[in-house]
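Peer 1: build me a model from this:
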Amino acid sequence: MNTEKILSVVIPVYNERNTILRIIEKVCALDFVMEVIVVDDGSTDGTVELLKQTGFDNRVKLFFHDRNRGKGAALRTGFGHIAGEIVAIQDADLEYDPNEFAEMIKPIIEGVADVVYGSRLSGGKPQRVHLFWHRVGNGFLTFLTDLLYNTTLSDMETCYKMFRKNVLDTIRIKSDDFSVEPELTAKICKDKRWRIYELPISYYGRSFAEGKKISWRHGFSAIWTLFKYRFTD
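Peer 2: Numbering: from 1, shown residues only. Okay, here's the model as predicted:
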(Lines give C-alpha, C1' and ligand atoms only; values in the text may rest on other atoms or scores of the structure.)
Protein backbone atom coordinates (compact mmCIF):
# COMPACT_ATOMS: atom_id res chain seq x y z
CA MET A 1 0.00 0.00 0.00
CA ASN A 2 1.12 3.56 -0.74
CA THR A 3 2.29 4.92 2.62
CA GLU A 4 2.00 8.60 1.68
CA LYS A 5 0.39 10.52 4.53
CA ILE A 6 -2.99 11.50 3.09
CA LEU A 7 -5.60 10.72 5.75
CA SER A 8 -7.09 13.20 8.20
CA VAL A 9 -8.87 11.52 11.12
CA VAL A 10 -11.42 13.53 13.09
CA ILE A 11 -12.15 12.31 16.62
CA PRO A 12 -15.10 13.91 18.46
CA VAL A 13 -14.81 13.16 22.17
CA TYR A 14 -17.10 13.62 25.15
CA ASN A 15 -16.30 12.08 28.54
CA GLU A 16 -13.98 9.33 27.30
CA ARG A 17 -11.06 9.71 29.71
CA ASN A 18 -10.50 5.95 29.91
CA THR A 19 -10.17 5.37 26.16
CA ILE A 20 -9.13 8.55 24.36
CA LEU A 21 -5.35 8.13 24.71
CA ARG A 22 -5.48 4.57 23.45
CA ILE A 23 -7.53 5.58 20.42
CA ILE A 24 -5.16 8.42 19.54
CA GLU A 25 -2.22 6.04 19.89
CA LYS A 26 -3.84 3.48 17.58
CA VAL A 27 -4.66 6.09 14.93
CA CYS A 28 -1.16 7.59 15.06
CA ALA A 29 0.31 4.12 14.54
CA LEU A 30 -1.07 4.15 10.97
CA ASP A 31 1.68 5.39 8.68
CA PHE A 32 -0.71 6.91 6.12
CA VAL A 33 -2.32 9.27 8.68
CA MET A 34 -1.41 12.91 8.07
CA GLU A 35 -3.20 14.40 11.06
CA VAL A 36 -5.45 13.51 13.97
CA ILE A 37 -7.95 16.23 14.83
CA VAL A 38 -9.37 15.74 18.32
CA VAL A 39 -12.36 17.87 19.29
CA ASP A 40 -13.35 17.70 22.95
CA ASP A 41 -17.01 18.60 23.23
CA GLY A 42 -17.11 20.00 26.76
CA SER A 43 -16.09 16.89 28.69
CA THR A 44 -16.56 16.97 32.46
CA ASP A 45 -14.82 13.73 33.49
CA GLY A 46 -11.19 14.88 33.28
CA THR A 47 -10.77 14.22 29.53
CA VAL A 48 -9.90 17.87 28.90
CA GLU A 49 -7.17 17.95 31.53
CA LEU A 50 -5.78 14.62 30.31
CA LEU A 51 -5.57 15.85 26.74
CA LYS A 52 -3.92 19.12 27.73
CA GLN A 53 -1.25 17.49 29.88
CA THR A 54 -0.31 14.68 27.47
CA GLY A 55 2.54 15.06 25.01
CA PHE A 56 1.32 13.86 21.62
CA ASP A 57 2.77 13.08 18.21
CA ASN A 58 3.04 16.36 16.29
CA ARG A 59 0.26 15.18 13.97
CA VAL A 60 -2.30 15.51 16.79
CA LYS A 61 -4.28 18.76 16.84
CA LEU A 62 -6.50 19.54 19.83
CA PHE A 63 -9.64 21.69 19.88
CA PHE A 64 -11.94 22.32 22.82
CA HIS A 65 -15.59 23.37 23.09
CA ASP A 66 -16.41 25.35 26.22
CA ARG A 67 -19.63 23.37 26.68
CA ASN A 68 -21.22 20.17 25.41
CA ARG A 69 -22.78 20.91 22.02
CA GLY A 70 -23.11 17.43 20.48
CA LYS A 71 -21.33 15.13 18.04
CA GLY A 72 -22.46 17.11 15.00
CA ALA A 73 -21.02 20.32 16.40
CA ALA A 74 -17.74 18.57 17.21
CA LEU A 75 -17.48 17.16 13.68
CA ARG A 76 -18.26 20.56 12.21
CA THR A 77 -15.34 22.02 14.16
CA GLY A 78 -13.04 19.18 13.14
CA PHE A 79 -13.98 19.28 9.47
CA GLY A 80 -13.13 22.98 9.45
CA HIS A 81 -9.45 22.20 10.09
CA ILE A 82 -8.70 19.21 7.83
CA ALA A 83 -5.72 19.30 5.49
CA GLY A 84 -5.68 15.75 4.11
CA GLU A 85 -7.07 14.59 0.76
CA ILE A 86 -9.14 11.91 2.51
CA VAL A 87 -11.07 12.23 5.78
CA ALA A 88 -12.30 9.60 8.25
CA ILE A 89 -14.39 9.78 11.41
CA GLN A 90 -13.23 7.92 14.52
CA ASP A 91 -15.23 7.69 17.75
CA ALA A 92 -13.25 8.17 20.96
CA ASP A 93 -14.23 4.84 22.52
CA LEU A 94 -12.88 1.41 21.61
CA GLU A 95 -15.91 0.13 19.69
CA TYR A 96 -14.17 0.61 16.33
CA ASP A 97 -10.65 -0.48 15.40
CA PRO A 98 -8.59 2.11 13.46
CA ASN A 99 -6.69 -0.70 11.74
CA GLU A 100 -9.79 -1.07 9.54
CA PHE A 101 -8.82 2.21 7.83
CA ALA A 102 -6.11 0.38 5.86
CA GLU A 103 -8.77 -1.56 3.95
CA MET A 104 -11.33 1.23 3.78
CA ILE A 105 -8.95 3.67 2.14
CA LYS A 106 -8.02 1.34 -0.74
CA PRO A 107 -11.10 1.92 -2.95
CA ILE A 108 -10.55 5.68 -2.65
CA ILE A 109 -6.82 5.50 -3.42
CA GLU A 110 -7.54 3.18 -6.35
CA GLY A 111 -9.95 5.77 -7.77
CA VAL A 112 -13.14 3.71 -7.67
CA ALA A 113 -14.82 5.30 -4.64
CA ASP A 114 -15.52 8.78 -3.30
CA VAL A 115 -17.04 7.55 -0.02
CA VAL A 116 -16.49 4.31 1.90
CA TYR A 117 -18.68 3.08 4.76
CA GLY A 118 -17.46 0.49 7.23
CA SER A 119 -20.40 -1.86 7.74
CA ARG A 120 -20.87 -3.69 11.03
CA LEU A 121 -23.73 -5.69 9.54
CA SER A 122 -22.36 -7.16 6.32
CA GLY A 123 -20.51 -10.04 8.01
CA GLY A 124 -16.96 -11.35 7.82
CA LYS A 125 -15.45 -9.58 10.83
CA PRO A 126 -15.69 -10.04 14.64
CA GLN A 127 -18.86 -8.62 16.18
CA ARG A 128 -19.76 -8.40 19.84
CA VAL A 129 -23.16 -10.04 20.40
CA HIS A 130 -25.56 -7.80 22.37
CA LEU A 131 -28.27 -5.11 22.26
CA PHE A 132 -30.91 -6.73 20.05
CA TRP A 133 -33.10 -3.62 19.90
CA HIS A 134 -30.21 -1.50 18.65
CA ARG A 135 -29.86 -3.98 15.78
CA VAL A 136 -33.58 -3.76 15.04
CA GLY A 137 -33.52 0.03 15.15
CA ASN A 138 -30.46 0.28 12.95
CA GLY A 139 -32.00 -2.15 10.50
CA PHE A 140 -35.13 -0.04 10.26
CA LEU A 141 -33.19 3.21 9.80
CA THR A 142 -31.03 1.58 7.12
CA PHE A 143 -34.13 0.25 5.33
CA LEU A 144 -35.68 3.73 5.46
CA THR A 145 -32.49 5.25 4.08
CA ASP A 146 -32.36 2.78 1.19
CA LEU A 147 -36.05 3.38 0.43
CA LEU A 148 -35.87 7.17 0.52
CA TYR A 149 -32.55 7.53 -1.29
CA ASN A 150 -32.68 4.51 -3.62
CA THR A 151 -29.48 2.94 -2.34
CA THR A 152 -28.32 -0.38 -0.86
CA LEU A 153 -26.47 0.48 2.35
CA SER A 154 -26.40 -2.17 5.05
CA ASP A 155 -25.35 0.05 8.00
CA MET A 156 -26.23 3.72 7.68
CA GLU A 157 -25.54 4.51 11.35
CA THR A 158 -21.93 3.33 11.32
CA CYS A 159 -19.36 5.74 12.72
CA TYR A 160 -16.82 4.60 10.15
CA LYS A 161 -17.33 6.89 7.20
CA MET A 162 -14.42 7.87 4.96
CA PHE A 163 -14.62 10.55 2.27
CA ARG A 164 -12.62 12.40 -0.29
CA LYS A 165 -12.26 15.94 1.03
CA ASN A 166 -14.10 17.33 -2.00
CA VAL A 167 -17.20 15.39 -0.91
CA LEU A 168 -17.23 17.10 2.49
CA ASP A 169 -16.65 20.46 0.81
CA THR A 170 -20.16 20.15 -0.69
CA ILE A 171 -21.87 19.45 2.66
CA ARG A 172 -22.87 21.99 5.29
CA ILE A 173 -23.59 20.13 8.51
CA LYS A 174 -26.58 21.56 10.36
CA SER A 175 -27.11 18.94 13.09
CA ASP A 176 -25.43 19.48 16.44
CA ASP A 177 -26.29 16.10 17.97
CA PHE A 178 -26.23 12.44 16.89
CA SER A 179 -28.52 13.39 13.99
CA VAL A 180 -25.30 14.20 12.15
CA GLU A 181 -25.03 10.50 11.19
CA PRO A 182 -28.26 10.34 9.17
CA GLU A 183 -27.65 13.89 7.90
CA LEU A 184 -24.29 12.97 6.41
CA THR A 185 -25.69 9.79 4.90
CA ALA A 186 -28.73 11.58 3.48
CA LYS A 187 -26.69 14.33 1.84
CA ILE A 188 -24.12 11.92 0.42
CA CYS A 189 -26.73 9.54 -0.98
CA LYS A 190 -28.86 12.37 -2.35
CA ASP A 191 -25.94 13.70 -4.41
CA LYS A 192 -25.69 11.10 -7.16
CA ARG A 193 -22.19 12.26 -8.16
CA TRP A 194 -20.59 10.26 -5.37
CA ARG A 195 -19.55 6.63 -5.68
CA ILE A 196 -20.26 4.93 -2.35
CA TYR A 197 -18.70 1.62 -1.32
CA GLU A 198 -19.11 -0.53 1.79
CA LEU A 199 -16.62 -2.84 3.46
CA PRO A 200 -17.17 -5.15 6.46
CA ILE A 201 -15.55 -4.01 9.70
CA SER A 202 -15.19 -5.45 13.18
CA TYR A 203 -17.25 -3.96 16.00
CA TYR A 204 -16.55 -4.14 19.73
CA GLY A 205 -19.77 -2.57 20.99
CA ARG A 206 -20.24 -1.32 24.55
CA SER A 207 -23.19 -1.65 26.88
CA PHE A 208 -24.71 1.39 28.56
CA ALA A 209 -22.94 0.40 31.78
CA GLU A 210 -19.66 0.53 29.86
CA GLY A 211 -20.35 4.02 28.55
CA LYS A 212 -22.51 3.73 25.43
CA LYS A 213 -24.28 7.06 24.87
CA ILE A 214 -26.67 6.63 21.94
CA SER A 215 -30.06 5.14 22.80
CA TRP A 216 -33.34 4.21 21.12
CA ARG A 217 -34.60 7.76 21.70
CA HIS A 218 -32.17 9.05 19.10
CA GLY A 219 -33.97 6.92 16.52
CA PHE A 220 -36.88 9.36 16.35
CA SER A 221 -34.65 12.30 15.45
CA ALA A 222 -32.84 10.09 12.91
CA ILE A 223 -36.15 9.30 11.17
CA TRP A 224 -37.06 12.99 11.05
CA THR A 225 -33.60 13.85 9.70
CA LEU A 226 -33.82 11.27 6.90
CA PHE A 227 -37.19 12.60 5.76
CA LYS A 228 -36.19 16.26 6.13
CA TYR A 229 -33.07 16.05 3.97
CA ARG A 230 -34.78 13.93 1.35
CA PHE A 231 -36.87 16.96 0.45
CA THR A 232 -34.76 19.93 1.64
CA ASP A 233 -31.11 20.98 1.73
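
Peer 1: report the buried residues of the longest helix along the chain.
Peer 2: Longest helix in the chain, counting residues (DSSP state H): helix 132-149. For helix 132-149, the neighbour count (16 or more other CB atoms under 10 Å) marks 134, 137-138, 141-142, 144-145, 148-149 as buried. Where you see a C-beta, it was placed from the backbone N, CA and C, and this is true even at glycine.

Peer 1: go on, stretch 36-47?
Peer 2: 36-43, 47.

Peer 1: out of the residues you listed, list just those in strands.
Peer 2: 36-41 (DSSP state E).

Peer 1: packing partners for the helix or strand of the chain with the lowest mean pLDDT?
Peer 2: One helix or strand of the chain scores below all others by mean pLDDT, DSSP states H and E: helix 132-149, with a mean of 89. Contacting helix 132-149 under the criterion 3 or more CB pairs under 8 Å, 6 or more residues apart in numbering; DSSP states H and E are the following elements: helix 180-190, helix 218-231.

Peer 1: who's in contact with Lys174?
Peer 2: 72, 183 (CB atoms under 8 Å, 6 or more residues apart in numbering).

Peer 1: quick check, it in a strand?
Peer 2: No: counting by DSSP: H, G, I helix; E, B strand; the rest coil, Lys174 falls outside a strand, being coil.

Peer 1: need phi/psi at it.
Peer 2: phi -110, psi -30 (degrees, to the nearest 10).

Peer 1: ok, it to Ile20 distance?
Peer 2: 27 Å (CB to CB, to the nearest Å).

Peer 1: mind jotting down where the strands sit in the chain?
Peer 2: Ranges of strands in the chain, per DSSP E, are 7-13, 33-41, 60-65, 86-89, 115-119, 161-164, 196-200.

Peer 1: show me the shaky parts of the chain.
Peer 2: Along the chain, segments meeting pLDDT under 70 span 1-3, 124, 126-130, 206-216.

Peer 1: give me the outermost residue of it relative to its centroid.
Peer 2: Farthest-out residue of the chain from its mean C-alpha position, per CA atoms, centre = their mean: Gln53, at 25.7 Å.
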